[in-house]
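> sharing a model that was predicted from the sequence below.
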Amino acid sequence: MAKAELGAVAFDFDGAVALVTGAASGIGRETARAFAAAGARVVLTDLAADAAAALAAELGPSALAAPAEVTDADAVRAVTDRAMAQWGRIDCLVNCAGIADEMKPTFEQDIDRWQRVLDVSLRGSYLFSREAGRHMAAARAGAIVNFASIAGLVGLPGRNAYSAAKAGLITMTKGLASEWGCYGIRVNAVAPGYVDTPMVEGLMARGRIGTEGILRRTPLGRFGQPQEIATAVLFLCSAGAAYITGACLSVDGGWVAFGGNALPEAGHLG
């Protein structure tokens, strides 16, 4: 059986089919790579068709590039239909597709941009969950992981769209888990903190966030790596998480947990 070693964790998805949205870059790309390394056949969905095709070529015959606009119901249905036609099953769905917000004062935010952020993260995840969920319900088994964020758990000034989308995903996750448990479908979410991805790099380049402040605020004192988030996703989809549903797992280096005025220094806790 094919297994992937991610840190100290080994996963086995031999023969399973995983559909990953936002698969062309960042956390989505590493999640797709991790599933493929663990033996899964992977459906790669992203609006960036060329990047999705390049990743499929890298992963080989176990990967299928299926570019789509995740907010388009017909396009979403076409992707799930294509996955079923190719491999006859969808075992795991990872809703990773999302875009950054403007990070401007509320009075200056553009409502169309606000709506687009919600549509990609929340509407897109809903549509893919609904369509993949139909096939999982028929099979009486499946695992879905939605991508929330620390922005959906705390108040971040100027991030109304992203925060609303991610908070909505957390509650939607709980609702779907409650509704679909009878079909053997588990639905969970991960809430990453600041991760070394092109999205975060773009925010830093535009001066929207600063490295020093984030490191001071994060108990583990560093940015996360996309592979670390992928490990959490694979765990939630694995047999090891068979009794976990409706949960939101923070993968943020302790960012949300921290509530003090200043992080303690090693050796100064006595």
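On my side now, so go ahead.
> ok, residue 264 - how many residues close by?
Per other CB atoms under 10 Å, the neighbour tally for residue 264 reads 9. For every residue, glycine as well, the C-beta is placed using N, CA and C.
> for it, pull up the helix or strand it's in.
For residue 264, there is no host helix or strand (DSSP states H and E).
> list phi and psi for it.
Per-residue torsions, residue 264: phi -70, psi 150 (degrees, to the nearest 10).
> which residues of the stretch 151-270 of the chain score low on pLDDT?
Flagging of the stretch 151-270 of the chain using pLDDT under 70 yields the residue ranges 199-200, 202-210, 266-270.
> give me the nearest residue to residue 118, chain neighbours excluded.
Distances taken as CB to CB, 6 or more residues apart in numbering place residue 165 nearest to residue 118, at 4.7 Å, with adjacent residues excluded.
> what comes into contact with the one helix or strand the one you found maps to?
Element membership of residue 165, judged by DSSP H and E, is helix 160-180. Here helix 160-180 makes contact (CB atoms under 8 Å, 6 or more residues apart in numbering) with 95, 98, 100-102, 106, 109, 113-115, 117-118, 120-122, 125-126, 129, 133, 136-137, 144, 146-149, 151-153, 155-156, 185-189, 191, 245-246, 248.
> residue boundaries of the strands in the stretch 1-150 of the chain?
Under the criterion DSSP state E, counting those that start in this stretch, the stretch 1-150 of the chain contains strands at 4-6, 9-11, 17-21, 41-45, 63-65, 92-95, 142-147.
> tell me how many other residues surround residue 138.
Residues lying near residue 138 (other CB under 10 Å) number 12.
> please disregard the earlier target; I meant residue 78.
Residue 78: 14 surrounding residues under other CB under 10 Å.
> how near is it to residue 95?
Here the criterion is CB to CB, to the nearest Å. By it, residue 78 lies 17 Å from residue 95.
> do the same with residue 222
Residue 222 is 26 Å from residue 95, where distance means CB to CB.
> one more: residue 164?
Taking CB to CB, one finds residue 164 at 16 Å from residue 95.
> more neighbours, the two?
residue 95 (30 against 18).
> where do the helices sit along the stretch 1-150 of the chain?
Along the stretch 1-150 of the chain, counting by DSSP state H, counting those that start in this stretch, helices occupy 26-37, 49-59, 73-87, 111-118, 124-139.
> picking up where we left off before, beyond the helix holding residue 165, next helix or strand please.
That would be, after helix 160-180 and using DSSP H and E, strand 185-192.
> for that following strand, name the packing helices and strands.
Other elements packing on strand 185-192 under the criterion 3 or more CB pairs under 8 Å, 6 or more residues apart in numbering; DSSP states H and E are helix 124-139, strand 142-147, helix 160-180, helix 226-237, strand 248-251.
> residue 12: which of the ones you listed is closest?
With CB to CB as the criterion, residue 12 lies closest to helix 226-237 of those, at 10.0 Å.
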